[in-house]
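> mind folding the following:
(2 chains)
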Protein chains: 2
Amino acid sequence: MPGYSVCVVGATGAVGQEILKVLALREFPLNKLRLCATARSAGKKVAFGGEELTVEETREWSFEGMDIALFAGGAASTEYAEAARKAGAVVIDNSSAFRLNPDVPLVVPEVNPEDVRWHKGIIANPNCSTIIMVVPLKPLHDAAGIRRVVVSTYQAVSGAGSAAVQELVAQTRAVLDGQTYPPRVFAYQIAFNLIPHIDVFQDLDYTKEEWKLVRETRKILHEPDMRVTATTVRVPVFRSHSESINVETERFVSAQEVRELLSRAPGVVVVDNPEQKLYPMPLDVTEKDEVFVGRIRQDPTLENGINMFVAADQLRKGAATNAVQIAELLVDYGLL
Amino acid sequence: MPGYSVCVVGATGAVGQEILKVLALREFPLNKLRLCATARSAGKKVAFGGEELTVEETREWSFEGMDIALFAGGAASTEYAEAARKAGAVVIDNSSAFRLNPDVPLVVPEVNPEDVRWHKGIIANPNCSTIIMVVPLKPLHDAAGIRRVVVSTYQAVSGAGSAAVQELVAQTRAVLDGQTYPPRVFAYQIAFNLIPHIDVFQDLDYTKEEWKLVRETRKILHEPDMRVTATTVRVPVFRSHSESINVETERFVSAQEVRELLSRAPGVVVVDNPEQKLYPMPLDVTEKDEVFVGRIRQDPTLENGINMFVAADQLRKGAATNAVQIAELLVDYGLL
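Predicted structure coming up:
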C-alpha cells in the first residue's frame, strides 16, 4: 500500500491532537507526517506511532510535497489554506471559513461522500453539531423525506477548546469549595450551570452555531430549502455533544422502523432499550467514532413525526474522525 | 388580618423546606403552623419566623382544626390526603397522585386561578417542568392560539431530592480526583454527564415526566387536545430547570410582540438581550419565584413559530411557591 504525505496544521490543539490519534488508530497510509502550529507551539515534541515529531511553525512553504493538508481549525485556515492548495495539497479544513462557499464541498462521508469528487483543492469539514445530526438524519431522509427538524443541543465545553476544559475543572473545584472562579473562556460560570449561547449572535437573534445547524445541514443533504430550527446550549460536560431532535417526515415511519433503518446505517449505533435503561449519554460515547441514537419515539403530535436523542464525541466524529474519513475517501476514490 | 392553621406534610424534605421558606417570605397569614413528616424525621427541630417548631409524625389525626394541608409530595399524599380532606382541611398536594383526577383542580395561579373554586377538598400542584412551561405559554396561547409545542428540558438534580444533590457533590469531587463514585440516586453517573431519562418509562417509550408535560399542560390550559411533545433530560446542575421550547401558533406573533406580551405577563420575567449577552440561566434564577424567558426568536421554518429558552427554580415556582400561591388564592377568594 502506498503512503501519503500529510501535513496537520494546528497539531497541538484539542482537535489537532485528536486528528493524530485518529490517523494512528485508523492506520491511515502515511508516507510522511508534518506537524505545524503557531510560532508559540513550534519546537514542541509530539509522539506519533513510536516516533517523536517536532512541531514546526506553519509557513507558506510548509505544504511543498504534501498530498493532504489537514487544518484543525481557527485562523490558520484563512491564512494558509490557499497556500496549501497552491502547493498541490488537498486541503481538508475544519474551520467554518469555507463551509458555505459554493466552490467547496462540505462532506460527511456517511452522508454525501460523492461530493469529494468535485473538490477544487479545498474540502470543508462541517461543524461538530451538524455532523452529529446529519449522520442519523440522512437514512431517515432517504426513507421518509424530512419535512422539518427542531433541534435543541447539549454541548460539551471541549467544543470551546482546551482552555474551556481547564476552566470547567478549576471552576467546579472552586464552587465545591465555596469559592468563586471568574469565567474567562465562557461569558458566565459554566460549572453547575447552562449557557444558552454558543458563538456570536447573528440574524433573527440566532447564534452562528444555530445557523450552522440550519445551513450546513441543507448543503450536506443537498436540500437548500430544508426546514431546520435550532437552539444551542452549553452544558457542564467535558466531552461529547448531545442533541434532542424532533423530525417531521413526508411519509410515515414507525419508531421501530427508524430503529431498524438506523441500525443498518453507516456510522450510527442505536442504543435504545428503555426497559434496560439503555440510551445514549455523553460519558459513554466519548472517544468513540460513531453517532449514538436512542430515545426513538413516535411523535403523536404529528401525522409523521419522530423524537430522538443523539450523542457523539464532537472531537472525534464531530471533527477529527470526519476529517480523516474524508482523507480516506480521497484515497479510495483515487483522487490523490 | 385573620390567620389560618396550616399543616405542612413532608416538612423536612427539599420541597417541604422551601414551602416553609416561601410561607415566611410571602408572609402568609398564619394562625398555627404544624410540621409533619415520617417517623424517621419526627422530633426534629425546625426554625420558623424566630420560633423553633418540633416535627411530628404524620397521623390520621394530624389535620384536626387545620384550614390547609400542604403536602410536599411523595407517598404521604396517597396515605393521608383523604384523612386531611375529611378533617376539613383543604389539601394542596404536590405529588402526582391526584393531578389528572377529573375531580381535582390542577392549578397554576397565573394561568387558571378560577379552577380553585370548584375544588372538592383537594387541589393538585402540577409537576415542576409543567409549571415552568405553562406560565409563559398561557399569554402566548391567549394572544395567538397554541397549535403545537416541542419541548426539550435541562433538569437540575435537586428535582430528584436532597440525596441527589449530595450525590452530585460527592461524585463531582470523586471524578475530579480521578476516582469513581457509583451512582445511587441516579441510574448512571450524573457528574459531567447527561441522563435522558427522568421517572419511569410509559406508553410509546416516553417517560412519566414527558407525559406529565403533555397531559398536565392540557388540563391546566383547558385544551384537552393541545399537541405537546417532550424530551426530558437530567443535567449536572444543582438547582433550577431550563427548557428549550418551540411553539407553533394559529395566528402570527413576532418575536418582539412575544417579548412585549411576556413582559406584561404575571409571574414572567423577560431576560432577552443578545447584544448584552442576557438570557436566562439556572444559576441566575435560583431562589427566585418567577419564570425567566429569553432567546425569544421567530422560527422561520413555520408560518407562525417561536423559539424560546426558559429557566426557573423548580423548588420555588416549580413546587413551593406555586403551592403557597394556591393557598393565597383560597384566602383571596374567601374559600377557607
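> please make it C-alpha for all contacts and neighbour counts, starting now.
Noted.
> what's the neighbour count on the nearest residue to residue A:196 once chain neighbours are set aside?
In space, residue A:196 comes closest to residue A:233 once its chain neighbours are excluded; the distance is 4.1 Å by C-alpha to C-alpha, 6 or more residues apart in numbering or on different chains. For residue A:233, the number of neighbouring residues by other C-alpha atoms under 10 Å in any protein chain shown comes to 22.
> so what's residue A:233 up against?
If you count contacts by C-alpha atoms under 8 Å, 6 or more residues apart in numbering or on different chains, residue A:233 has them with A:152-155, A:194-198.
> 7 Å instead, please
Listed by C-alpha atoms under 7 Å, 6 or more residues apart in numbering or on different chains, the contact set of residue A:233 reads A:153-155, A:194-198.
> any stretches of the stretch 1-150 of chain A with poor pLDDT?
Low-confidence segments of the stretch 1-150 of chain A, defined by pLDDT under 70, are located at A:1.
> mind listing the strands for it?
Per DSSP state E, counting those that start in this stretch, the stretch 1-150 of chain A has strands spanning A:4-9, A:30-37, A:45-48, A:51-54, A:56-57, A:68-71, A:90-93, A:122-124, A:146-154. These are given in chain order.
> buried set for the second one?
Of the residues in strand A:30-37, those buried under the neighbour-count criterion (16 or more other C-alpha atoms under 10 Å in any protein chain shown) are A:33-37.
> redo the residues you listed as JSON lines? Include distance to residue B:163.
Converted to JSON lines, the buried residues of strand A:30-37 look like this (distance: C-alpha to C-alpha, whole Å):
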{"residue": "A:33", "distance to residue B:163": "52"}
{"residue": "A:34", "distance to residue B:163": "52"}
{"residue": "A:35", "distance to residue B:163": "49"}
{"residue": "A:36", "distance to residue B:163": "49"}
{"residue": "A:37", "distance to residue B:163": "47"}
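> and which of those is nearest to chain B?
Here the nearest of the buried residues of strand A:30-37 to chain B, counting by C-alpha to the nearest C-alpha, is residue A:37; it sits at 30.0 Å.
> re earlier: of the contacts of residue A:233, buried ones?
So, of the contacts of residue A:233, A:153-155, A:194-198 end up buried under the neighbour-count rule (16+ other C-alpha under 10 Å).
> hmm, back to that, pick the most buried one from the strands of the stretch 1-150 of chain A.
Compared across the strands of the stretch 1-150 of chain A, strand A:68-71 shows the largest average neighbour count, a mean of 29 (mean count of other C-alpha atoms under 10 Å in any protein chain shown).
> out of the strands of the stretch 1-150 of chain A, nearest to chain B?
Of all the strands of the stretch 1-150 of chain A, it is strand A:146-154 that lies closest to chain B, at 6.6 Å by C-alpha to the nearest C-alpha.
> which strands and helices sit next to the closest one?
Under the contact definition 3 or more C-alpha pairs under 7 Å, 6 or more residues apart in numbering or on different chains; DSSP states H and E, strand A:146-154 sits against strand A:227-231, strand A:241-249.
> ok, residues contacting the longest one?
Residues external to strand A:241-249 that are found in contact with it (C-alpha under 7 Å, 6+ apart): A:144-156, A:282, A:304-314, B:152.
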